[in-house]
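Next come a sequence and a model predicted from it.
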Protein chains: 2
Amino acid sequence: MTDSKKPYILISNDDGIYSNGIKALAKVAAEFGDVVIVAPDRQQSAVGHAITIETPLRYQKLVIDGKYEAMAINGTPADCVKLAHDQLLERKPDLVLSGVNHGSNAGINILYSGTVSAATEGTVLGYPSIAVSCTDYDNDADLTACKEAARKVIAFVLDKGLPKGVTLNVNAPSGEFKDIKWARMADSRYVEEYEARKDPHERPYYWLTGKFELLDDSTDADIHLLNEGFATVTPIQYDLTDYELIRKLGDQDL
Amino acid sequence: MTDSKKPYILISNDDGIYSNGIKALAKVAAEFGDVVIVAPDRQQSAVGHAITIETPLRYQKLVIDGKYEAMAINGTPADCVKLAHDQLLERKPDLVLSGVNHGSNAGINILYSGTVSAATEGTVLGYPSIAVSCTDYDNDADLTACKEAARKVIAFVLDKGLPKGVTLNVNAPSGEFKDIKWARMADSRYVEEYEARKDPHERPYYWLTGKFELLDDSTDADIHLLNEGFATVTPIQYDLTDYELIRKLGDQDL
């Protein structure tokens, strides 16, 4: 039974329920309230906002780090948040967190990120939601900066709330950070994406590799600030309508 | 060998390469140029912007409807467009199409849609890109309206181009439509999402069902216009930054 006077905090991720990042985030969240972890039972990176329609979902109860109530789900990050909301939690959460992801979710990576999509799903369902990612991909990376950035942003959101439809996307370097700054999503993309190989039967196959390309030189872009050693907070929203273009083209016949 | 003077049009989808929708879209596209189909080898609905990192991708060459050059990929819609761009096509496409999806991709569905994500991936890679969906989920639905809507929007885009970073998301009813209109993404969500069942061993499992809820009464919202019998075109963009909130909060310390 959770204490209904304390914030109830749902945590998910895309690296899977046994990752170091989710433990680090649970530890920070527990400073603010009661924690419940509902996360994929295995690695789900780059699944974006995928949801599971064709197969049923199940949960398995666990205790993470000897103290955090947890459920492992055979689904995607967005599935975890949906199922927790609709079926698994004893009461509605006050906050949804996702991460700490092992790897940056800045710039174009936001589009492919399961971590960010779990938080966005929290926002769609009406909860203040925050995604947290570390720029270092190593599962054993030093998450000190991420924990400190998460602590600041959680305190901010629990104090001031978030407008409807907004998710905060937080990135931080491994180790220390200079300061934490508001940032926009940097214009960026991947080039030279696949390595072509031949199998033992001389048939071609392709591995995704991808060379990241920053197309954005503005000083308030998330990737620029991360490269300078800052942690970043990018407010993102899921109404993808390009209103400016509608205003511009709206009177043109199709 | 394609004729380099004619537009070269890449088509993908999320219902899989054998769906009726992709054939319908290929037929319309062939009125404008040379068509190549690169699509998932099986149903991939609701995979969002998932991409495949952990396993290699392969293609299988096919001919669809006895005339369209095609490659079936063991991946997601976004994978198909990425791999086509980077490895499979003999030249860069002039246009990327995705669909016709069997099922609406209006309102919140845009977030989960593999169809829309294939088109968005086309935009990320720098190509004018259009997603087309039919509000009827039936594989045998009458796609007359979708084909006519696609025809108008393809003509518009080949004539006028599209600004950088913009994807056009087209929806149409089955059968006929009144007119085609610019529209915004309707505020909407799913409620009562999972049906809880017990397996033969009395263990719980959950199927996604979902009751769609329209939260938007504005007359220029896509779902509203579709309900009125119009086809809709929504320009969407993938810079998710909430610039208004940055302006509002940007001077507040975190």
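That came in fine, so what should we check first? This is a predicted model, so every value here is computed, not measured.

what is the rounded mean pLDDT of stretch A:158-171?
Predicted confidence along stretch A:158-171 averages 96 (mean pLDDT).

buried stuff in that stretch?
Residues A:162, A:165-171 are the ones in stretch A:158-171 that count as buried (16 or more other CB atoms under 10 Å in any protein chain shown). The C-beta positions use only the backbone N, C-alpha and C, and glycine is treated the same way.

what's the most distant pair in those residues?
For the buried residues of stretch A:158-171, the maximum inter-member distance is 20.7 Å, found between A:Gly165 and A:Asn171 (CB to CB).

Mind putting the buried residues of stretch A:158-171 into a markdown table with distance to A:Leu97 and secondary structure?
Formatted as a markdown table, the buried residues of stretch A:158-171 follow (distance: CB to CB, whole Å; DSSP: H, G, I helix; E, B strand; the rest coil):
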| residue | distance to A:Leu97 | secondary structure |
| --- | --- | --- |
| A:Leu162 | 13 | coil |
| A:Gly165 | 18 | coil |
| A:Val166 | 15 | strand |
| A:Thr167 | 11 | strand |
| A:Leu168 | 10 | strand |
| A:Asn169 | 12 | strand |
| A:Val170 | 10 | strand |
| A:Asn171 | 14 | strand |
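
Looking at those residues, which one is closest to A:Gly250?
A:Gly165 (22.3 Å).

Distance of that closest one relative to chain B?
A:Gly165 is 8 Å from chain B, where distance means CB to the nearest CB, to the nearest Å.

Next up, the contacts around that residue.
Applying CB atoms under 8 Å, 6 or more residues apart in numbering or on different chains, one finds that A:Gly165 lies in contact with A:123, A:237-239, B:187.

Mind putting the residues you listed into a markdown table with distance to B:Lys6, neighbour count and pLDDT?
A markdown table is the format used below for these (distance: CB to CB, whole Å; neighbours: other CB atoms under 10 Å in any protein chain shown; pLDDT from 0 to 100):
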| residue | distance to B:Lys6 | neighbour count | pLDDT |
| --- | --- | --- | --- |
| A:Thr123 | 44 | 22 | 98 |
| A:Gln237 | 39 | 18 | 96 |
| A:Tyr238 | 37 | 20 | 96 |
| A:Asp239 | 37 | 17 | 96 |
| B:Asp187 | 41 | 19 | 96 |
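
Let's see which of those residues end up in helices.
In helices, defined here by DSSP state H, the members of the contacts of A:Gly165 are A:Thr123.

among the contacts of A:Gly165, which two are most distant?
The most distant members of these, if one measures by CB to CB, are A:Thr123 and B:Asp187, lying 12.2 Å apart.

sorry, back to before: rebuild the contacts of A:Gly165 as TSV, extending it with distance to A:Leu143.
TSV is the format used below for these (distance: CB to CB, whole Å):
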residue	distance to A:Leu143
A:Thr123	24
A:Gln237	27
A:Tyr238	27
A:Asp239	32
B:Asp187	36
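
quick one: contacts for A:Leu57?
Neighbours of A:Leu57 in contact, by CB under 8 Å, 6+ apart: A:73-75, A:79, A:83, B:194, B:205-208.

any idea how far it lies from B:Thr115?
Counting by CB to CB, to the nearest Å, the gap between A:Leu57 and B:Thr115 amounts to 23 Å.

Which neighbouring elements make contact with the helix ranked longest in chain A?
Counting by DSSP H, the longest helix found in chain A is helix A:144-160. Under the contact definition 3 or more CB pairs under 8 Å, 6 or more residues apart in numbering or on different chains; DSSP states H and E, helix A:144-160 sits against helix A:20-29, strand A:95-102, strand A:129-134, strand A:166-172, strand A:180-182, strand A:231-237.

pretty sure A:Asn74 is touching A:Arg58, no?
Yes. A:Asn74 is in contact with A:Arg58 according to CB atoms under 8 Å; the separation is 5.5 Å.

need the strands for chain A, in chain order.
A:8-12, A:34-40, A:59-64, A:68-73, A:95-102, A:129-134, A:166-172, A:180-182, A:188-191, A:194-198, A:204-208, A:211-214, A:231-237 (DSSP state E).

would TSV of those with distance to B:Leu143 be doable?
Compiled in TSV, the strands of chain A are given as follows (distance: least, CB to CB, whole Å):
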stretch	distance to B:Leu143
strand A:8-12	38
strand A:34-40	36
strand A:59-64	40
strand A:68-73	36
strand A:95-102	38
strand A:129-134	38
strand A:166-172	36
strand A:180-182	46
strand A:188-191	33
strand A:194-198	33
strand A:204-208	32
strand A:211-214	38
strand A:231-237	32
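
can you tell which of those strands is closest to B:Lys67?
With distances scored as CB to CB, the stretch of those nearest to B:Lys67 is strand A:204-208 (24.8 Å).

Return that closest one as CSV; C-alpha atoms alone will do.
Once non-C-alpha atoms are left out, strand A:204-208 reads as follows in CSV (Å, rounded to 0.1, in the frame of the first residue of the first chain):
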residue,chain,number,x,y,z
PRO,A,204,23.6,-9.5,-48.9
TYR,A,205,22.5,-8.3,-45.5
TYR,A,206,22.6,-4.8,-43.9
TRP,A,207,23.5,-3.7,-40.4
LEU,A,208,22.4,-0.3,-39.2
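
Quick one: residues in contact with it.
A:193-199, B:51-53, B:56-59, B:79, B:82-83, B:87.

Tell me the buried residues within these.
By 16+ other CB under 10 Å, the contacts of strand A:204-208 give A:193-194, B:51-52, B:56-59, B:79, B:82-83 as buried.

what residue ranges in chain A score low on pLDDT?
When the per-residue scores of chain A are filtered using pLDDT under 70, the ranges that remain are A:1-3.

how about 80 then?
Along chain A, segments meeting pLDDT under 80 span A:1-4, A:250-251.

ok, the contacts of A:Gly165 vs B:Ala221, which is closest?
Within those, the smallest distance to B:Ala221 is 7.4 Å, found for B:Asp187 (CB to CB).

so the closest one touches B:Asp222, yeah?
No. The pair B:Asp187 and B:Asp222 fails to qualify as a contact (CB under 8 Å) at a distance of 10.6 Å.

Between these two, which contacts overlap?
Common contact partners of B:Asp187 and B:Asp222 (CB under 8 Å, 6+ apart): B:Gly107.

Can you give me the distance of A:Ser19 to A:Val100?
Remark: distance between A:Ser19 and A:Val100 (CB to CB) = 8 Å.

residues shared between the contacts of these two?
Listed contacts common to A:Ser19 and A:Val100 are A:Asn13; contacts here mean CB under 8 Å, 6+ apart.

So for the two, which sits in the more crowded spot?
Neighbours were counted for A:Ser19 and for A:Val100 using other CB atoms under 10 Å in any protein chain shown; A:Val100 has more, 31 against 20.

residues in contact with that one?
The contact partners of A:Val100, by CB under 8 Å, 6+ apart, come to A:13, A:21-22, A:24-25, A:132-134, A:143, A:146-147, A:150.

Not counting residues beside it along the chain, what's closest to it?
In space, not counting the residues next to it along the chain, A:Val100 is nearest to A:Gly21; the distance is 3.5 Å by CB to CB, 6 or more residues apart in numbering or on different chains.

thinking that neighbour is in contact with A:Asn105, fair?
No. Applying CB under 8 Å as the test, A:Gly21 and A:Asn105 come out as separate, 11.5 Å apart.

Pick out whichever of these two has more residues nearby.
Under the criterion of other CB under 10 Å, the comparison of A:Gly21 against A:Asn105 puts A:Asn105 first, with 30 against 25.

Fine by me, thanks again.
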